[in-house]
Structures are given as structure tokens and as C-alpha cells.
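K.L.:
I'd like to go over a predicted model; first the sequence, then the structure.
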Amino acid sequence: MTTASYAAALMETVDALRAACATMQPRILLVLGSGLGGLADAFEDASAVDFADIPGFARAAVVGHRGRIVVGTLEGVPCIAMQGRYHLYEGHEADAATLPVRAISALGVDTLIVTNAAGGVNRSFRAGSLMLIEDHINMLGRNPLVGPARDGETRFPDMTRAYDPELRALTLEVAAEQGIALNTGVYCALLGPTYETPAEVRMLGILGADAVGMSTVPEVIVARARGMRVLGISLITNEAAGHTGEALSHDEVMAASAGAAESFGRLVRGVVRRIGSPVA
Ligand code: HPA
């Protein structure tokens, strides 16, 4: 798409999102991964719009991903959530998959809390635990910034502190206050949709990954190119392939995320409350 037609399409998306927000100016974008979308059901004064009804958005295709935008307040803080997201393994191009983040950033939202379900590569991680993302490895073979530099985006974004150190420190504090065990580590994104082979999991461990999934990295790259602050949290739904000898299944992933949804929700609420309070 040319720069001009891309900008026009983006503005149409932004206008539709603005209409969905009515008079609310959201501060935080929450991207809710597999099985974690329930948090947006707790929004107050909420309104929702299906991805399919937003110009420029593609239709979501994975079970457990509802594919809607929810606007409302969480802990009194105006938020906008994606219940579901676009994955590259569905066949979406990286720039199409990240259009929601671009548009929501253009709406004036400056903080991204991105979440996902991931396999634990680190042998000390158990199913149902949470990992604060310190850094990532992009093994998708794609980058959403390929092509002309978009308005408001850095051509060569620095990724040294892609996951905001202050937000990470704040999240660790909230976790400690609430008695929630929170590991930290490196998230590695692979294209999928196959889960990894045991040999690939061994490779990922050698490369420095603690968790593996099929999302998040494109959204974080776009967010950083646009200067958003990013916080990332992985829910470790399973020990990665080969660690237990058991086969992996999407049903298992969904069941584990349902089990950990309560502590995940408490952690994110606590973080949102702190971001929303003037001292944070
Ligand atoms: N691998 C990749 N993606 C995943 C996994 C996994 O083990 N678990 C949940 N998402």
C-alpha cells in the first residue's frame, strides 16, 4: 500500500475507534491473549465493537479469541482492550496484524500492556505461572516495519529497552504486594502454527529464550516505533515441547489460561491502578 493510501486507511480506522470511545480518552491499550480476554469483561462503563465492524481490521479466526475492542474503565483508569489479536500464522501480513496497535496509538494511547499464552522454555517454569517479559527474540522471520516508514514512526527503532524498565519494576512491586509469583524472562516469537519440536525448544533455550509463543513481538515493535511504553506479561500455559514427554494441545493451553486468569487479572488490575495514580 502506498504511504498516502495507508495513511488514509489508518485515519478511517482511527475515526471508527474514536466513535467507539465516545467521550472517553483511553490511556492504556491492553492486548489480551488466548484465554485472557475475560479481563475486559470487568471494564466499567464499557462499550464494545467487533473487529469485523472496524474499517481496516481483519476478522479474527482462532477459538478463544473473541476479536473485539472493548473501551471502558478498569480500576478507574480509561482503557481500551483488544479481546483477541491477529496472528501471522493466520495468514495476516505483519503490517495488517499490527494495524490495531498503530490506530490505537494514533488515538492518543501511549501505554501498551501486551499479554500472551506461551510455552515455558525455562525448565523452572510451571504451567499456570506468569512471566514478566524483559526482552524478546524475533524469530518470526517478519517485521511489521518493513516497507515505507509510516507517519509518526521511527525508521530504525532502538530496542534496547523495548519493555519499559519502570513499568517492569512497578509490576514486580505489585506482584510482591499481592503475593503473586512472577518470573522474569525473554519471550521468543516463532511463526507457528505448529508447536515447536523438542529440538527447537532445546535450541531456544541455548539462544536465551525463557518462553515461546506466536504473537506479541510484532505489536511491541510497532509500539516502540511509535514511542509507546510497553509492558509484556506471558502466561506460561505449558512446559515447552519435550519437557514433559506429553503432547501439546490448544485445549491444554486454554485450560491453563483459565486456571491462571484470576492471578493474571489481579496483577494487571494492580498495575493499571498504579499507572493511573499520579505518583506512578
Ligand atoms: N509454543 C508456542 N506457543 C505457545 C505455546 C508453546 O508451547 N504454549 C502456548 N502458546
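P.N.:
Perfect, I can see it now.

K.L.:
in three-state terms, label the residue lying closest to Ala97 once chain neighbours are set aside for me.
P.N.:
In this structure, Ala97 finds its nearest non-sequential neighbour in Tyr86, 3.8 Å apart by Cβ to Cβ, 6 or more residues apart in numbering. For every residue, glycine as well, the C-beta is placed using N, CA and C. At Tyr86 the chain is in coil, as set by DSSP: H, G, I helix; E, B strand; the rest coil.

K.L.:
which parts of this structure sit against the ligand?
P.N.:
Residues of the chain found near the ligand (Cβ under 6 Å from any ligand atom) are 117-119, 195-196, 212-214, 237-238, 240, 248, 253.

K.L.:
which element is the spatially closest residue to Leu36 that is not a sequence neighbour on?
P.N.:
Distances taken as Cβ to Cβ, 6+ apart place Thr115 nearest to Leu36, at 5.2 Å, with adjacent residues excluded. Thr115 is part of strand 111-120, with elements assigned from DSSP states H and E.

K.L.:
how about that strand: buried residues?
P.N.:
Judged by neighbour count (16 or more other Cβ atoms under 10 Å), strand 111-120 contains these buried residues: Thr111, Leu112, Ile113, Val114, Thr115, Asn116, Ala117, Ala118, Gly119, Gly120.

K.L.:
mind listing which of the residues of the chain next to the ligand are in helices?
P.N.:
The helices, defined by DSSP state H, take in Val253 from the residues of the chain next to the ligand.

K.L.:
against which helices or strands is the strand holding Thr115 packed?
P.N.:
Strand 111-120 sits against strand 28-32, strand 129-139, strand 211-213, helix 217-225, strand 229-239, helix 250-276, with contacts defined as 3 or more Cβ pairs under 8 Å, 6 or more residues apart in numbering; DSSP states H and E.

K.L.:
need these in CSV (columns: mean pLDDT and mean neighbour count).
P.N.:
CSV is the format used below for the helices and strands packed on strand 111-120 (pLDDT from 0 to 100; neighbours: other Cβ atoms under 10 Å):
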stretch, mean pLDDT, mean neighbour count
strand 28-32, 97, 25
strand 129-139, 97, 20
strand 211-213, 98, 27
helix 217-225, 98, 26
strand 229-239, 96, 25
helix 250-276, 88, 18
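
K.L.:
let me have those in JSON lines, extended by distance to Gly185.
P.N.:
Shown next, in JSON lines, are these (distance: least, Cβ to Cβ, whole Å):
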{"stretch": "strand 28-32", "distance to Gly185": "19"}
{"stretch": "strand 129-139", "distance to Gly185": "5"}
{"stretch": "strand 211-213", "distance to Gly185": "6"}
{"stretch": "helix 217-225", "distance to Gly185": "14"}
{"stretch": "strand 229-239", "distance to Gly185": "8"}
{"stretch": "helix 250-276", "distance to Gly185": "16"}
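
K.L.:
nearest to Gly38, out of the ones you listed?
P.N.:
helix 250-276 (5.7 Å; Cβ to Cβ).

K.L.:
the closest one to strand 111-120, inter-axis angle?
P.N.:
Angle between the axes of helix 250-276 and strand 111-120 is 150 degrees (criterion: axes from the mean of the first three to the mean of the last three Cα atoms, to 10 degrees).

K.L.:
what angle separates helix 250-276 from strand 229-239?
P.N.:
Angle, helix 250-276 to strand 229-239, by the same axes, to 10 degrees: 150 degrees.

K.L.:
give me the nearest residue to the closest residue to the ligand within the stretch 51-200 of the chain, chain neighbours excluded.
P.N.:
Going by Cβ to the nearest ligand atom, the ligand is nearest to Gly119 of the stretch 51-200 of the chain, at 2.1 Å. Sequence neighbours aside, Ala240 is the residue nearest to Gly119 in space, at 3.8 Å (criterion: Cβ to Cβ, 6+ apart).

K.L.:
and that neighbour, how many residues sit next to it?
P.N.:
For Ala240, the count of nearby residues is 27 (other Cβ atoms under 10 Å).
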